[in-house]
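**Student:** no sequence on this one, just coordinates:
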């Protein structure tokens, strides 16, 4: 066998070492997940229902939107990138089959409170009801940046934008009962806490901590909102979808030589968007969760949360502070 040239041999050795390290870390950090069962619902389950899905142009949001359209829902893709959302809408309609619901696109930038307000005004003018609101959009471990309104980006998009969006649509949700709010959180909430002394990360910024903080905020928001919605006919539940192959990790730096191996490892260890969409879909349309509120689900079953995600005092304190931050 002809030996490889020295530079190529060195590159191959580096790739092997780096790739082996990546695979080892993937096994340690991301243990193989239980395969998410793909649930089947009767055709027409969501006929006549109107659903809003934020961040529905890709990943879990697009997958859950497509499944809802298959079930004959009318789905509004609420997205920052209109062109990408329109492409997703065409793809969803093409893949959903002949007898499906309808899909439309609305611009929504959760990093802009004015955009959130404009979106909600349009919805309230054009829609007679909302049956389900799925708060799915998010940003993960981005470099330190601020939203249009001066909030740390992960807190601003993942929590505050959805906080204002839900608040402004509550009237329509209440007039559409029984209706549902679905909040996509993450198991990474376990590694965060709500830093009330520096919620906006002005003093220091740790991108991993800030993501975990925002996902914990999602759970505390769900807890407090469910308390406030008692007796209204509107339910709210959160979920953790597992580790899913989406564009959410676009800010995570992977060494160039390791990227092909990381991609292969993701196929082995991560869930597909459709698998990741099973629990939000379940919370959006299953009769099994009718009337259930204030819970968190994983793999379509109730998940036991850490005490910090069930802290009623912290949930109320975060709610009050969030109201001030978004100008309510």
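**Tutor:** Sure thing, it's come through. Everything quoted here is computed from the prediction, not taken from an experiment.
**Student:** pLDDT weak spots in the stretch 201-328 of the chain?
**Tutor:** Along the stretch 201-328 of the chain, segments meeting pLDDT under 70 span 244-270.
**Student:** now the strands for it?
**Tutor:** Under the criterion DSSP state E, counting those that start in this stretch, the stretch 201-328 of the chain contains strands at 234-239, 296-298, 301-302.
**Student:** pull up the pairing partners for the second one, direction included.
**Tutor:** Spelled out, it's strand 296-298. The pairing partners recorded for strand 296-298 under DSSP bridges are strand 234-239 (parallel), strand 301-302 (antiparallel).
**Student:** need the contact list for the spatially most central residue of the chain.
**Tutor:** Per Cα atoms, centre = their mean, the C-alpha nearest to the average position across the chain is that of residue 136, at 3.1 Å. Listed by Cβ atoms under 8 Å, 6 or more residues apart in numbering, the contact partners of residue 136 are 53-56, 60-61, 64, 182, 184, 280. C-beta: built from backbone N, CA, C; applies to glycine.
**Student:** just to revisit the earlier point, pick the most buried one from the strands paired with strand 296-298.
**Tutor:** Compared across those, strand 234-239 shows the largest average neighbour count, a mean of 26 (mean count of other Cβ atoms under 10 Å).
**Student:** off-centre distance for it?
**Tutor:** 13 Å (Cα atoms, centre = their mean, to the nearest Å).
**Student:** now stretch 289-307
**Tutor:** Worked out by Cα atoms, centre = their mean, stretch 289-307 lies 16 Å from the chain centre.
**Student:** follow-up on the earlier one: save the strands of the stretch 201-328 of the chain as a markdown table, and put in distance to residue 46 too.
**Tutor:** Putting these into a markdown table (distance: least, Cβ to Cβ, whole Å) gives the following:
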| stretch | distance to residue 46 |
| --- | --- |
| strand 234-239 | 16 |
| strand 296-298 | 18 |
| strand 301-302 | 22 |
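**Student:** show me the one of the ones you listed that comes nearest residue 124.
**Tutor:** Residue 124 lies closest to strand 234-239 among the strands of the stretch 201-328 of the chain, at 15.8 Å (Cβ to Cβ).
**Student:** ok, which stretches of the chain are helices?
**Tutor:** In the chain, the segments counted as helices under DSSP state H are 6-29, 59-70, 82-96, 113-126, 153-155, 162-174, 207-228, 259-269, 273-276, 278-285, 312-326.
**Student:** so how far is residue 203 from the nearest residue to residue 205 once chain neighbours are set aside?
**Tutor:** For residue 205, ignoring the flanking residues on the chain, the nearest one in space by Cβ to Cβ, 6 or more residues apart in numbering is residue 144 at 4.4 Å. Distance, residue 144 to residue 203, using Cβ to Cβ, to the nearest Å: 12 Å.
**Student:** cool, residue 325 as well?
**Tutor:** 17 Å.
**Student:** more neighbours: which of those two?
**Tutor:** residue 325 (20 against 8; other Cβ atoms under 10 Å).
**Student:** what's the distance between residue 201 and residue 315?
**Tutor:** Residue 201 is 20 Å from residue 315, by Cβ to Cβ.
**Student:** what sits against residue 303?
**Tutor:** 239-240, 295-297.
**Student:** state the distance from it to residue 143.
**Tutor:** From residue 303 to residue 143 the distance is 31 Å (Cβ to Cβ).
**Student:** end-to-end on stretch 303-322?
**Tutor:** Using Cα to Cα, to the nearest Å, the end-to-end distance of stretch 303-322 comes to 26 Å.
**Student:** can you check stretch 97-105 too?
**Tutor:** Termini of stretch 97-105 sit 19 Å apart (Cα to Cα).
**Student:** so for it, mean pLDDT?
**Tutor:** Mean per-residue pLDDT for stretch 97-105: 90.
**Student:** can you list contacts of that stretch?
**Tutor:** So stretch 97-105 is contacted by 43, 46-47, 65, 68-77, 79, 82, 85-86, 89, 92-93 (Cβ under 8 Å, 6+ apart).
**Student:** so can I have TSV of the helices of the chain showing distance to residue 107?
**Tutor:** Listed next are the helices of the chain as TSV, based on distance: least, Cβ to Cβ, whole Å:
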stretch	distance to residue 107
helix 6-29	36
helix 59-70	15
helix 82-96	5
helix 113-126	7
helix 153-155	19
helix 162-174	13
helix 207-228	22
helix 259-269	31
helix 273-276	22
helix 278-285	22
helix 312-326	19
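**Student:** ok, which of these comes nearest residue 106?
**Tutor:** Nearest to residue 106, of those and by Cβ to Cβ, is helix 113-126 at 6.1 Å.
**Student:** same for that closest one, what does it pack against?
**Tutor:** For helix 113-126, the contact count by 3 or more Cβ pairs under 8 Å, 6 or more residues apart in numbering; DSSP states H and E identifies strand 102-107, helix 162-174 as packing neighbours.
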